[in-house]
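> how would this look folded up:
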Amino acid sequence: MAAIGDVDEANSALGMALLHVRGEAHRDMLGRIQNELFDLGADLATPGEDFTPGEMTLRVTSEQVARLEREIDGMNEELEPLRSFILPGGAAGSAHLHLARAIVRRAERMAVVAAAQVALNPQVLIYINRLSDHLFVLARHVAKAEGGDTLWQPGATRGG
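Below is the predicted model of the structure:
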């Protein structure tokens, strides 16, 4: 299923981001997420009707989703409210996180397609949706330490 490959690609992009992200808290978040993405891939590879985690069956749980939500909220508290769209880029750490976020969005689209064909753990779809938001906020948080977000300037190149 295409979603598994996209999740693997997202995990690889997070590995690249880790080469450029400083700060123990950020690196710890990314390390947890990388491990969870392997669990998520295993969950996707095991469709069915029973989504209870077991010793031999990895399943994404609501507790993992709740942790992502708490981390999003905690990082957002330290950021200025958005007043413009953010251009993916800035310094290396935030740029790599934006790339990983875009890949996670693709993985989400593929997981939704797969869920229309086979029974998938609903927590997988929720987790992957929240993960892309998490990576957006984390990219902003990292950008803050790297000099700030790169803001979209509507119509700036039209001339005139």
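
> Going by C-alpha atoms from here, please, whenever you check contacts or count neighbours.
Fine.

> could you pull out the helices for this structure?
Along the chain, the stretches classed as helices by DSSP state H are 2-18, 24-44, 62-77, 92-115, 122-146.

> Pipe those into CSV and attach distance to Phe51, mean pLDDT and mean neighbour count per row.
Shown next, in CSV, are those (distance: least, C-alpha to C-alpha, whole Å; pLDDT from 0 to 100; neighbours: other C-alpha atoms under 10 Å):
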stretch, distance to Phe51, mean pLDDT, mean neighbour count
helix 2-18, 17, 96, 19
helix 24-44, 9, 95, 17
helix 62-77, 11, 97, 14
helix 92-115, 14, 96, 22
helix 122-146, 9, 94, 21
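
> Out of these, which is closest to Pro53?
helix 24-44 (9.4 Å; C-alpha to C-alpha).

> Please name every helix or strand in contact with that closest one.
helix 2-18, helix 122-146 (3 or more C-alpha pairs under 8 Å, 6 or more residues apart in numbering; DSSP states H and E).

> closest to Arg70 out of the ones you listed?
Here helix 122-146 is closest among the helices and strands packed on helix 24-44 (C-alpha to C-alpha), at 9.7 Å.

> In a markdown table: the helices of the chain, plus distance to Gln153.
Listed next are those as a markdown table, based on distance: least, C-alpha to C-alpha, whole Å:
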| stretch | distance to Gln153 |
| --- | --- |
| helix 2-18 | 26 |
| helix 24-44 | 28 |
| helix 62-77 | 23 |
| helix 92-115 | 18 |
| helix 122-146 | 17 |
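
> Among those, which comes closest to Arg83?
Arg83 sits nearest to helix 122-146 of all the helices of the chain, at 12.9 Å, using C-alpha to C-alpha.

> what residues does that closest one touch?
Residues outside helix 122-146 that contact it (C-alpha atoms under 8 Å, 6 or more residues apart in numbering) are 21, 26, 40, 43-44, 60-62, 64-65, 68-69, 71-72, 75-76, 78-79, 90-91, 93-95, 97-98, 100-102, 104-105, 107-108, 111-112, 148-149.

> what's the answer for stretch 96-104, then?
Contacts of stretch 96-104 (C-alpha under 8 Å, 6+ apart): 6-7, 9-11, 13-14, 16-17, 20, 88-89, 128, 131-133, 135-136, 138-139.

> and it, how far out from the chain's middle?
In terms of C-alpha atoms, centre = their mean, to the nearest Å, the centre of stretch 96-104 is set 7 Å apart from its chain centre.
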